[in-house]
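Asks: Structure, please.
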Amino acid sequence: MAIAPNIWNLVVTVEADGKPATEYNPCDDGDVAPPDGLDFHIPDGPLAAGVKPYVVKYIEAMPGAPFRFRIVRLPQFLHHGHHVAFRYQVDNLTTGLVHDNTVTSRWKSTTWNMATSGVSLFDKKTKGEKVCGFRFQKLDIDADSTASPSEVKEQLRRSKKVGILRVYLYHVQHGNFVDYQPASGGHHLISKAAAFSEKALKGRTLDTQVSWAPMSMAVDPHRKVNEDIYRDPLKRPFAVFEFRYRTMDGLIQEGIVPRPPAKDLAPKMCEAEARHLAQEYLDLKKLSIPHEPTKFQFLSLSNTWGNHTPMDDDAFIRRYKARRLESGRIEVDFTDD
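Replies: From the prediction side, this is the model:
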């Protein structure tokens, strides 16, 4: 749930596979600066020094999972126009404005809860439009690419926006409904996401991109849409929310998510496997320690301390006046003679 500084009662989230994506903060405060050339419409006057209505969050992207944007504007939101509109950027594609049509006047409104899960794209085959849903897809990296320098340069330009979802919010005025006009050049339906060479990525941790999955939703080519009348003559957004998506491995590599302890990475085994492994260890331990019978020797102390010489049975008998009996036992004479 992302909230911009000094902008209350308006929340932007990304929902992946039907659930709000877990958000992670950047590990470096210097990593949240707005892109060069991006300026903001701040009708309430300058914000505190260093504060920008620009929010950066990291989220986990699971390849194959669909996702959508959700914007919630509460009734207490302070309008600086008739209503709020937003556009979003998905990798290298930027959409038109989506208007809040729940506002009946500047002073009376209800909660606006808007979820957007796709975009209308032009299909060259059918010469019409198709609504395509957003879906995360594993990034296609060509390690053996033979791309020319010009192709690598173009891939590098496109890769700078891959892995990024942005939502731009605007104050807009009340306008009429007009006939829908496709954007100049249009956004064409892409059947397969483009591949990138390793040279173009230059060691970046990108591992996911967005693909388009055609939906069964029908598109009316004669539909009416809101007229875009910006409150700011320069058409600047009053807030921007940026979500950088990576797989969990990518988040760990960038230091966004701590690396799990080593014990969590060990494969789990059942009790029988653990007992078998322990028995193998004990068997190897027995084989690695050679067993030799203990040898005992009688020692005789000389007049010099620490000088020890072995003593055989005859010497022991002479020294201690001992004799061996028929039973095999040794008898020792302790008299003083």
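Asks: make it CA atoms for all contacts and neighbour counts henceforth
Replies: Fine.
Asks: ok, so what distance separates residue 39 from residue 21?
Replies: 28 Å (C-alpha to C-alpha, to the nearest Å).
Asks: For the longest helix along the chain, give me every contacting residue.
Replies: Longest helix of the chain, by residue count under DSSP state H: helix 271-287. Among residues not part of helix 271-287, none is counted as a contact by C-alpha atoms under 8 Å, 6 or more residues apart in numbering.
Asks: when you give positions from now on, start the count at 377
Replies: From this message on, residue numbering opens at 377, which makes the last subject helix 647-663.
Asks: hey, C-alpha coordinates of that helix in PDB?
Replies: This file holds the C-alpha atoms of helix 647-663, laid out as PDB (Å, rounded to 0.1, in the frame of the first residue of the first chain):
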ATOM      1  CA  GLU A 647      13.400 -39.400   9.800                       C
ATOM      2  CA  ALA A 648      14.400 -42.600   8.000                       C
ATOM      3  CA  GLU A 649      16.800 -40.700   5.800                       C
ATOM      4  CA  ALA A 650      18.300 -38.900   8.800                       C
ATOM      5  CA  ARG A 651      18.800 -42.100  10.600                       C
ATOM      6  CA  HIS A 652      20.400 -43.800   7.600                       C
ATOM      7  CA  LEU A 653      22.700 -40.800   7.100                       C
ATOM      8  CA  ALA A 654      23.700 -40.900  10.800                       C
ATOM      9  CA  GLN A 655      24.500 -44.600  10.700                       C
ATOM     10  CA  GLU A 656      26.700 -44.100   7.600                       C
ATOM     11  CA  TYR A 657      28.600 -41.500   9.500                       C
ATOM     12  CA  LEU A 658      29.100 -43.800  12.500                       C
ATOM     13  CA  ASP A 659      30.300 -46.600  10.300                       C
ATOM     14  CA  LEU A 660      32.800 -44.400   8.500                       C
ATOM     15  CA  LYS A 661      34.000 -43.100  11.900                       C
ATOM     16  CA  LYS A 662      34.700 -46.600  13.100                       C
ATOM     17  CA  LEU A 663      36.700 -47.500  10.000                       C
END
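Asks: Now residue 416: phi and psi?
Replies: According to degrees, to the nearest 10, the main-chain angles of residue 416 amount to phi -120, psi 150.
Asks: how about the strands in the stretch 527-676 of the chain?
Replies: 540-548, 553-555, 572-573, 584-590, 600-602, 615-622, 674-677 (DSSP state E, counting those that start in this stretch).
Asks: which outside residues touch the longest one?
Replies: It stands for strand 540-548. Contacts for strand 540-548 (C-alpha under 8 Å, 6+ apart): 455-467, 604-608, 611-621.
Asks: what about residue 465, neighbour count?
Replies: 16 (other C-alpha atoms under 10 Å).
Asks: How about the contacts made by it?
Replies: Counting by C-alpha under 8 Å, 6+ apart, residue 465 has contacts 471, 540-543.
Asks: Buried by neighbour count, from those residues: which ones?
Replies: For the contacts of residue 465, a neighbour count by 16 or more other C-alpha atoms under 10 Å gives the buried set as 540-543.
Asks: Just name the closest of those residues to residue 633, please.
Replies: For these, the minimum distance to residue 633 (C-alpha to C-alpha) is 17.7 Å, reached by residue 540.
Asks: roughly how far apart are the residue lying closest to that closest one once chain neighbours are set aside and residue 470?
Replies: Once flanking residues are discounted, residue 540 sits nearest to residue 620: 4.6 Å by C-alpha to C-alpha, 6 or more residues apart in numbering. Residue 620 is 16 Å from residue 470, where distance means C-alpha to C-alpha.
Asks: Right, I'll leave it there.
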